[in-house]
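In: here you go, sequence then predicted model.
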Amino acid sequence: MNVHDFTVDMPGGGKQDMSAYKGKVLLLVNTASKCGFTPQYKGLEELHRKYADKGLVVMAFPCNQFGAQEPGDEEEIKNFCSLTYDVSFPLAKKVDVNGDAADPLWKHLKDQQAGLLGTRAIKWNFTKFLVDADGKVVGRYGPQVAPTALEKDIQRLLG
């Protein structure tokens with residue numbers, strides 16, 4: 001099983017079949033609008049604009065599990081991202097990344113790449129997973145790692 005085997009819920013009730021991204025490098029991030037790391041949206045957007053035409057897809061997964069820092073509804077989240085950071089990459093529907101109600105894709109991501117000291121749970125907003133063109137999870141980066149710090153890893157995967 002790999003990332004391409006999942007379907008993601010999108011705002012407005014739509015679905016995104018992750019198999020549509022076969023052959024693309026994915027950067028999947030749990031996000032929040034009211035977090036100290038929220039300015040990372042800027043770096044995520046920079047990566048998106050720089051590498052989208054080379055095969056990178058950045059996708060944000062808003063999550064309210066850490067300090068209730070993503071309290072808004074779909075429209076509020078979309079407007080915040082668009083107006084504050086000019087985000088043009090896809091935003092999935094708000095998800096849980098930990099616990100019994102965790103989104104199946106996020107359960108898979110955590111199973112494939114453990115965090116610091118082998119922990120599986122997501123510790124905070126803006127944890128990032130890098131997925132290669134075949135749907136294999138190849139990297140996990142903590143919230144303190146700036147999106148632009150992933151550029152070399154992204155370039156390597158894009159070939």
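Out: On my side now, so go ahead.
In: residues in contact with the lowest-mean-pLDDT helix or strand in the chain?
Out: The helix or strand of the chain with the lowest confidence, counting by mean pLDDT, DSSP states H and E, is helix 74-85 at a mean of 94. Residues outside helix 74-85 that contact it (Cβ atoms under 8 Å, 6 or more residues apart in numbering) are 11-12, 33, 41-42, 45, 60, 62, 70, 72, 87, 91, 93-94. C-beta: built from backbone N, CA, C; applies to glycine.
In: what are the C-alpha coordinates of that helix, in CSV please?
Out: Once side chains and other backbone atoms are set aside, the C-alpha atoms of helix 74-85 remain, and they are given as CSV (Å, rounded to 0.1, in the frame of the first residue of the first chain):
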residue,chain,number,x,y,z
GLU,A,74,-13.6,25.5,5.3
GLU,A,75,-14.4,28.9,3.9
GLU,A,76,-12.5,30.8,6.7
ILE,A,77,-9.5,28.6,6.3
LYS,A,78,-9.5,29.0,2.5
ASN,A,79,-9.9,32.8,2.8
PHE,A,80,-7.2,33.1,5.4
CYS,A,81,-4.7,31.1,3.3
SER,A,82,-5.5,33.0,0.1
LEU,A,83,-5.6,36.5,1.5
THR,A,84,-2.8,36.2,4.0
TYR,A,85,-0.3,34.0,2.1
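In: so what secondary structure elements neighbour the helix or strand that that helix is followed by?
Out: Elements were assigned by DSSP states H and E; along the chain past helix 74-85, the next helix or strand is helix 104-112. Secondary-structure packing of helix 104-112 (3 or more Cβ pairs under 8 Å, 6 or more residues apart in numbering; DSSP states H and E): strand 25-31, strand 137-141.
In: many thanks, I have nothing further to ask.
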